[in-house]
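S.K.: Sequence and predicted structure below; questions after.
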Amino acid sequence: QVQLVESGGGLVQAGGSLRLSCAASGRTFSTYTMGWFRQAPGKEREFVAGINWSGSSARYGDSVKGRFTISRNNAENTVTLQMNSLKPEDTAVYYCAAGSSVYSMLVVTAQTLYEYWGQGTQVTVSS
């Protein structure tokens, strides 16, 4: 069982930066592939970024490539999403998710393969 708690959301102007953190409980954190997703009002939840168990591989959604960076610290049971050059269209609730350890070596983009989810943190980007 893994519990995830996101933090770092808030209000920022376009062009600004935010750093989201996800703290995970449990001693097996390092065995999980991790991801960030987001859901804007009236839209479906979408993949933002993912990272495998070791941090050696990461993937990004097309809309955030070159602006967002995902990283993890297995010693501290945390995964971070650094968001730069934010745009109003980045406004959403951002969720941290942990995928099955079966996929630990992979970066998983499909929501259905993630077992555990945080409660979400709101990011609002003003124009």
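M.R.: Looks like it came in fine.

S.K.: how near is the closest residue to residue 31 other than its chain neighbours to residue 78?
M.R.: With sequence-adjacent residues excluded and distances taken as Cβ to Cβ, 6 or more residues apart in numbering, residue 31 is closest to residue 101, at 4.1 Å. Just so you know, the C-beta spots here come from the backbone N, C-alpha and C atoms, and that holds for glycine as well. Per Cβ to Cβ, to the nearest Å, residue 101 is found 18 Å from residue 78.

S.K.: returning to that earlier point: report the contact partners of the residue nearest to residue 31.
M.R.: Residue 101 is in contact with 28, 31-32, 53, counting by Cβ atoms under 8 Å, 6 or more residues apart in numbering.

S.K.: Now it. Its backbone dihedrals?
M.R.: For residue 101, the backbone dihedrals are phi -60, psi -20 (criterion: degrees, to the nearest 10).

S.K.: sorry, back to before: quick check, nearest of the contacts of residue 101 to residue 107?
M.R.: Nearest to residue 107 among the contacts of residue 101: residue 53, at 9.9 Å, using Cβ to Cβ.

S.K.: Give me the three-state assignment for that closest one.
M.R.: coil (DSSP: H, G, I helix; E, B strand; the rest coil).

S.K.: Tell me how many other residues surround residue 37.
M.R.: 24 (other Cβ atoms under 10 Å).

S.K.: how close does it sit to residue 30?
M.R.: To residue 30, residue 37 is 21 Å away according to Cβ to Cβ.

S.K.: same thing with residue 16?
M.R.: Distance, residue 16 to residue 30, by Cβ to Cβ: 32 Å.

S.K.: Which one's more surrounded, the two?
M.R.: Neighbours were counted for residue 16 and for residue 30 using other Cβ under 10 Å; residue 30 has more, 17 against 14.

S.K.: How about the more buried one: what's its closest non-neighbour residue?
M.R.: residue 74 (4.0 Å).

S.K.: shouldn't residue 49 be in contact with residue 81?
M.R.: Yes - counting by Cβ atoms under 8 Å, residue 49 does reach residue 81; the two are 6.1 Å apart.
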